[in-house]
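> next comes the sequence, and after it the predicted model I'd like to discuss.
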Amino acid sequence: MDVLQGLRVVEFEGLGPAPFCGMLLADLGADVILIERPDADRAGPAAIYRRGKRSITLDLKTDVGCKAALRILEKAEALIEGLRPGVMERLGLGPDEVRAVNPKIVYGRLTGWGQTGPLAPAAGHDINYVSLSGAAWYAGEAGTAPTPPPTLVGDIGGGALYLAVGILSGVLRARQTGEGTVVDAAIVDGAAHMTNLLLSLRAAGGLPERRGESMLDGAPFYGVYQCADGAWISVGPLEPKFYTLMMERVGLMGIPHFAVQYDKSAWPRARAQLAQIFAEKPRDYWVKQLEGTDVCFAPVLSPSEAAHHPHMAARRVYREQGGVLQAVAAPRFDGEIPPAPRSIPPRGAHTREVLKEAGLTDEEIDALR
């Protein structure tokens, strides 16, 4: 369902989370115009983050290229850029220049550290942002290195998704007031914001600052275990009724150190015994025993395996297009199954089309080449 049909977004070519935000909006029906460099490498069908967009090429370092970009922006409701602070200003495409031609535009900026602060000009990557924000602290067991999943917590969760929310919020306000805004989406901010559920648990006394002492990072009934075939499973029966069901299914009833679920003194011994039990059988055995029950269980799957799991297949979450495995658009509306992923455009495929829509003449377009 194209719920964002009618929303025009101009995205400036970048890396990682900003293009992901553009893809998310395009997945939901927005007209995302991607301005790319004419001399950049061609990513081909592997560039899933380009799907559903219209691609044009402009040399923004030239006066005519910059002016053409401003013409396109005159008719847009939002802009996405994920460059380091100051780059767009140096190109003559900063918020002041863009809002001078389109006061209603929502200017979306995505960086790791944000547009302000001591670290704003410094380089960084996902692992740095989630580390500084506190979001990486509980990612791992006590005594091991915190290891957050690559890109998911920072680039995507703390960055792209927060930028999308910021843009859509700004567009709603602009449609009501006629006034645009600048969205400063910093990955470090979003990653910190995502810890608020953990901070609520911490405030209630359920999440000590020391790692490995809470239900979420130390309890034997909330963790990942290896099976006899080397594959992995996850269990998470936090609630007593679900915990009791796990004990029944796994054969733990009557064992003293499993009797009191929240007795932390028994956790190390219980974890060791659970690890031994799960290691005695292959993953498929535990899937047959536990999947689909209220034990709170799931196998740990690779994306390729996940694509063929019955639940994921029934919801048609993954599709293969052009030999590339992709996850379909999310979320869903009115129970509709998302269609196959939108196509990935050749670089510059829509240059003339978009420039004509912006009001440029054939002569002006030819002068850009």
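All right, it came through fine. Numbers count the residues shown, from 1 in each chain.
> can you list the buried residues in stretch 67-80?
Judged by neighbour count using 16 or more other C-beta atoms under 10 Å, the buried positions of stretch 67-80 are Ala68, Ala69, Leu70, Arg71, Ile72, Leu73, Lys75, Ala76, Glu77, Ala78, Leu79, Ile80. (Each C-beta comes from the backbone N, C-alpha and C, glycine too.)
> my bad, stretch 160-168
Buried positions in stretch 160-168, judged by neighbour count with 16+ other C-beta under 10 Å: Ala160, Leu161, Tyr162, Leu163, Ala164, Gly166, Ile167, Leu168.
> which of those lies closest to Tyr285?
Taking C-beta to C-beta as the measure, Tyr285 sits nearest to Leu161 out of the buried residues of stretch 160-168, at 36.9 Å.
> that closest one: helix or strand, and which one exactly?
Secondary structure assignment for Leu161, by DSSP states H and E: helix 161-177.
> okay, which residue is most central for the chain?
In the chain, the residue lying closest to the centroid (C-alpha atoms, centre = their mean) is Ile156, at 2.6 Å.
> for that residue, helix, strand, or coil?
Going by DSSP: H, G, I helix; E, B strand; the rest coil, the secondary structure assigned to Ile156 is helix.
> tell me the pLDDT at it?
Turning to Ile156, the model gives it a pLDDT of 96.
> ditto for Ala43
Among the per-residue scores, Ala43 shows a pLDDT of 66.
> and Asp184, that one's in a strand?
Yes: going by three-state DSSP, the assignment for Asp184 places it inside a strand.
> sec struct for Phe20, please.
helix.
> from Ile187, how far out is it?
Applying C-beta to C-beta, to the nearest Å, one obtains 12 Å for the distance of Phe20 from Ile187.
> and if you look at Cys227?
Cys227 is 35 Å from Ile187, by C-beta to C-beta.
> more crowded one of these two?
For Cys227 versus Ile187, neighbours defined as other C-beta atoms under 10 Å are more numerous around Ile187 (34 against 20).
> got the domain boundaries for this structure?
The chain breaks down into these structural domains: 8-195+339-367, 213-305 (assignment by automatic domain parsing).
> just give the nearest non-adjacent residue to Tyr222, would you?
Gly236 (4.8 Å; C-beta to C-beta, 6 or more residues apart in numbering).
> for that neighbour, give me the pLDDT.
At Gly236 the predicted local confidence, pLDDT, stands at 97.
> now do the contacts for it.
Taking C-beta atoms under 8 Å, 6 or more residues apart in numbering, we find Gly236 in contact with Phe221, Tyr222, Gly223, Cys296, Phe297.
> ok, and the most crowded of those?
Highest count within those by other C-beta under 10 Å belongs to Phe221, 24 neighbours.
> ok, back up a step: in CSV: the contacts of Gly236, plus secondary structure and distance to Phe258.
Formatted as CSV, these follow (DSSP: H, G, I helix; E, B strand; the rest coil; distance: C-beta to C-beta, whole Å):
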residue, secondary structure, distance to Phe258
Phe221, coil, 9
Tyr222, coil, 14
Gly223, strand, 14
Cys296, coil, 16
Phe297, strand, 17
